[in-house]
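Enquirer: sequence first, predicted model second:
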Amino acid sequence: MRIGLVGVGRIGALHAATLASLDSVEQVVVADIDPARARAVAKELGLETVPEVDALFGAGLDGLVICAPTSAHPELIERALDAGLTTFCEKPLASDLRGTQLVAERATGREVPIQMGFQRRFDPGYRAARDAVSSGRLGWIHTIRANTGDVAPPPASYIPTSGGFFRDCSIHDIDAVRFVSGREVVRVYAVGENRGDAFFAESDDVDAAAAVLTLDDGTTALISGSRYNARGYDVRLEALGSRDSVSVGMDHHMPLRSVEEGVGFPSATPYTDFMERFHRAYVDEMTAFTDLVAGRIPTPCSVHEALQAFLVAEACDLSRRQGRPVQLDEVGR
């Protein structure tokens, strides 16, 4: 199969390399708003390139991978739908709620599959936690805790268009809570703070945040995160049940230092970023996409899942700004 890829930044280049390594993919055709960057990545990986994004839609593709900036997602998805191209798109669908809803509405009922990029759904730990919950081995779940801590903040230029902490960072924890629990969020209460660089406050954003999510079966989920976790990239999830409890990310790379006497855990070097931590998940995600293109599987992460996660993130941001609990029905479904 021939797979097109738009946007050869850090994650786009990783996806291109992964696709090129798969036996089922005959060629990867890349394009970028910066043609020189596309040519450089194509040369390094032995790929085909086209001079502009528009040319991809006439390149005889079987599927399209969208790794372009968020502002380009709606148009590219629409064009892929019209062209009948099975599509993978990095989250989010769009930069705001209305745009996200419009894309979801246009995709609903169309026969062209779209897979959204929430790579934690392909991580072995998150999948094992989901299985432990759904099988009943943990009993009934009373608490889920999820956390994301970046080693250092992204560039200042990224923040004004990021969508804010909950839509950009915590949305992965929100999706993970929904994925592992199999439940929907019905109410949120969120807080945030800005104690780091001034550029967060200048964009009306925060550099650390937390939220209490109430799920539709009464389970409490706690999510938290920070842009300043200098010891290492920290992504974990805990599911605590009436019979047993499990943890994702509690290995020797965990970026915590025990102060208990005689404890040598964890002992390995912490992960530095999301690409290192989730490398296997990204490979499995792209492998699943080729199976989707081939018609072997249904979409493993649909537009609906992306919309639901965005709605929760929207509610969290509204709660933070207004200092009150927010029902999901207030932001729409």
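Expert: That came through fine.

Enquirer: against Ala31, how distant is the residue nearest the centre of the chain?
Expert: In the chain, the residue lying closest to the centroid (CA atoms, centre = their mean) is Phe118, at 3.5 Å. With the distance defined as CB to CB, to the nearest Å, Phe118 ends up 24 Å from Ala31. Yep, even glycine has a C-beta here, placed from its N, CA and C like the rest.

Enquirer: now swap in Arg231 and tell me
Expert: To Ala31, Arg231 is 39 Å away according to CB to CB.

Enquirer: can you pull the buried residues of the top helix by length along the chain?
Expert: When the chain is parsed with DSSP state H, its longest helix is helix 303-322. Across helix 303-322, burial judged by 16 or more other CB atoms under 10 Å covers 303, 305-320.

Enquirer: roughly how far is the helix or strand following it from the heart of the chain?
Expert: Next in sequence after helix 303-322, counting helices and strands by DSSP states H and E, comes strand 326-327. Averaging C-alpha positions (CA atoms, centre = their mean, to the nearest Å) puts strand 326-327 23 Å from its chain's average.

Enquirer: stretch 282-302 too?
Expert: Chain-centre distance of stretch 282-302: 15 Å, with CA atoms, centre = their mean.

Enquirer: who touches it?
Expert: Applying CB atoms under 8 Å, 6 or more residues apart in numbering, the external contacts of stretch 282-302 come out as 1, 3, 14-15, 18-19, 22, 24-25, 62-63, 65, 86, 88, 113-119, 121-122, 275.

Enquirer: cool, stretch 8-25 as well?
Expert: Counting by CB under 8 Å, 6+ apart, 1-3, 5-6, 28, 30, 32, 37-38, 41, 45-47, 65, 67-68, 88, 90, 275, 282-283, 286-287, 290, 294 sit against stretch 8-25.

Enquirer: one more: stretch 253-262?
Expert: Stretch 253-262 is contacted from outside by 149, 229, 231-234, 236, 264-266, 268-271, 277, using CB under 8 Å, 6+ apart.

Enquirer: list the buried ones in it?
Expert: Those buried within stretch 253-262 under the rule 16+ other CB under 10 Å are 253-255.
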